[in-house]
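A.B. asks: Just the structure for this:
(chains A, B, C and D)
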2 protein chains.
Amino acid sequence: MDTTQRTDQQRSADRRRRELLEAADRVVLRDGPQASMNAIAAEAGITKPILYRHFGDKGGLYAALAKRHTDALLDSLRAALDAPAERRERVEATLDTYLAAIEARPQVYRFLMHPAEGGQPGDQGFDVGKHSAPLLRRMGEELAQVIEERLDLGPGGQQLARVWGHGIVGMMHAAGDWWLGERPCSRAELVRSLADLLWGRLAAAGDKMGGPGF
Amino acid sequence: MDTTQRTDQQRSADRRRRELLEAADRVVLRDGPQASMNAIAAEAGITKPILYRHFGDKGGLYAALAKRHTDALLDSLRAALDAPAERRERVEATLDTYLAAIEARPQVYRFLMHPAEGGQPGDQGFDVGKHSAPLLRRMGEELAQVIEERLDLGPGGQQLARVWGHGIVGMMHAAGDWWLGERPCSRAELVRSLADLLWGRLAAAGDKMGGPGF
DNA sequence: CGTGCATGTTACTTGCGGTAACACCAGTCT
DNA sequence: AGACTGGTGTTACCGCAAGTAACATGCACG
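C.D. replies: Numbers count the residues shown, from 1 in each chain, chains lettered A, B, ... in the order given. Below you'll find the predicted structure:
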């Protein structure tokens, strides 16, 4: 029948797509974000046009690849976020999960965080806001949802949760990126410091000198 | 004399450099981060090789351009940070200053935040950590210094300050980027929400349901 | 058997970063 | 004066990566 045949075809196409994504993964893991389409095609044992048939353009492949890793990372983060423990412990576990992930695969991480590079084909109007990596956006939204679901923030709580979600994710990301480059302390120390920040230690700290402190 | 002559030459070279940077600025303001060297050269009324003689490569021009804007922005931020007011007020003023800047010139902002794109000429070893835009790094370091100077954080305070500096900057950046894209609320509201987050409202909020809240 | 149709290829175009080689126009040294 | 030097500018090119067109092949269906 028509349906069964299309199903077969679709299955084989999906399998192919997965193989291609895994090949792309390997190349990105090796070459970082500057992996070229040629290199990925070669790694997959095929040539460029096939990649383009499957993913449209580099952005499409990027998106597909990013979705895989993002989904995986988000699952880990959700697990940490859902653990049966106190709030502080969970926040620390979530931070640690993220940092462990970027520590384990820095090349993939760099690829994921790389902006989409803005294609030159027209429509480059005022699409500001598409700048951030999709991973960051998704993590922010995800976290916002969890916050909004579980915390009682009073009126305007939903909007507050969204701001916080994106803000916390950004904090985690920037601190993690800096930490990955300089390694000034252990992961555990970093986690603790960030949690302290979220726990209001900035506001609670005393001034150092006479003047009106920071 | 030799020195005077060299001074003259250097002056004219510096003037030229400034003109080129201003032309580059105009193009970036118009075309965003994908401004090409050709376009910039054309805008300046000259041709590519001159740009390369002045700035080495695209990264050099990027760095010079970024330095201008970064310095300007950092000056504004320092002013907000140094204002004679309470800590919370200053934090809010600083956040607002940053957000106002990115709101006023989103194209420039996108250009500044764009990673260096990793050139293909060798040395692409394990330079993870150079990923973040220099602007973010500088803001993080700058803020860290202010925090460390003014706050009494006890032992390990210096390291804590650095973590916080980068973390807060990342929070500001990510939230600002998201806000710029979606405009879910006014700038003032965003500032207030972020300050609330830094002031520990996350830890203080009550759970919404029966289970162990977030 | 011919007709689709997905899969694969080679060979090309376009555009950008970057460079080599040459041209001009000061002043300087002998 | 005339060769030398150094900065400014040009045209014309290389290499490389994204993306595409056009052609070839294997396999199901009427």
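A.B. asks: near DNA strand D, which residues of chain A show up?
C.D. replies: By Cβ under 7 Å from any atom of the strand, the residues of chain A that approach DNA strand D are A:Gln5, A:Ser36, A:Met37, A:Asn38, A:Lys48, A:Pro49, A:Tyr52, A:Asp57, A:Lys58, A:Gly59, A:Gly119. C-beta coordinates here come from the backbone N, C-alpha and C atoms, glycine included.
A.B. asks: Name only those of these that count as buried.
C.D. replies: A:Met37, A:Lys58 (16 or more other Cβ atoms under 10 Å in any protein chain shown).
A.B. asks: Can you lay out the residues of chain A next to DNA strand D as CSV showing secondary structure, distance to DNA strand C and pLDDT?
C.D. replies: CSV is the format used below for the residues of chain A next to DNA strand D (DSSP: H, G, I helix; E, B strand; the rest coil; distance: Cβ to the nearest atom of the strand, whole Å; pLDDT from 0 to 100):
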residue, secondary structure, distance to DNA strand C, pLDDT
A:Gln5, helix, 10, 45
A:Ser36, coil, 11, 92
A:Met37, helix, 10, 94
A:Asn38, helix, 9, 95
A:Lys48, helix, 6, 96
A:Pro49, helix, 4, 96
A:Tyr52, helix, 9, 95
A:Asp57, coil, 13, 92
A:Lys58, helix, 13, 91
A:Gly59, helix, 16, 89
A:Gly119, coil, 11, 36
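A.B. asks: Closest one to A:Gln107 out of the residues of chain A next to DNA strand D, please.
C.D. replies: A:Ser36 (14.6 Å; Cβ to Cβ).
A.B. asks: Quick check on that closest one: phi, psi?
C.D. replies: Torsion angles at A:Ser36 (phi, psi; degrees, to the nearest 10) stand at phi -90, psi 160.
A.B. asks: Who are the contact partners of it?
C.D. replies: Applying Cβ atoms under 8 Å, 6 or more residues apart in numbering or on different chains to A:Ser36 gives no contacts.
A.B. asks: Kindly report the same for A:Leu190.
C.D. replies: With Cβ under 8 Å, 6+ apart, A:Leu190 has these contacts: A:Leu95, A:Leu99, A:Ala175, A:Gly176, A:Trp179, B:Val163.
A.B. asks: In helices only, show me the residues you listed.
C.D. replies: Where the contacts of A:Leu190 overlap with helices, as defined by DSSP state H, the overlap consists of A:Leu95, A:Leu99, A:Ala175, A:Gly176, A:Trp179, B:Val163.
A.B. asks: Narrow the residues you listed to those that are buried.
C.D. replies: Of those, these count as buried by 16+ other Cβ under 10 Å: A:Leu95, A:Leu99, A:Ala175, A:Gly176, A:Trp179, B:Val163.
A.B. asks: pretty sure the fifth one contacts A:Cys185?
C.D. replies: Yes: distance between A:Trp179 and A:Cys185: 7.4 Å, which falls inside the contact criterion (Cβ atoms under 8 Å).
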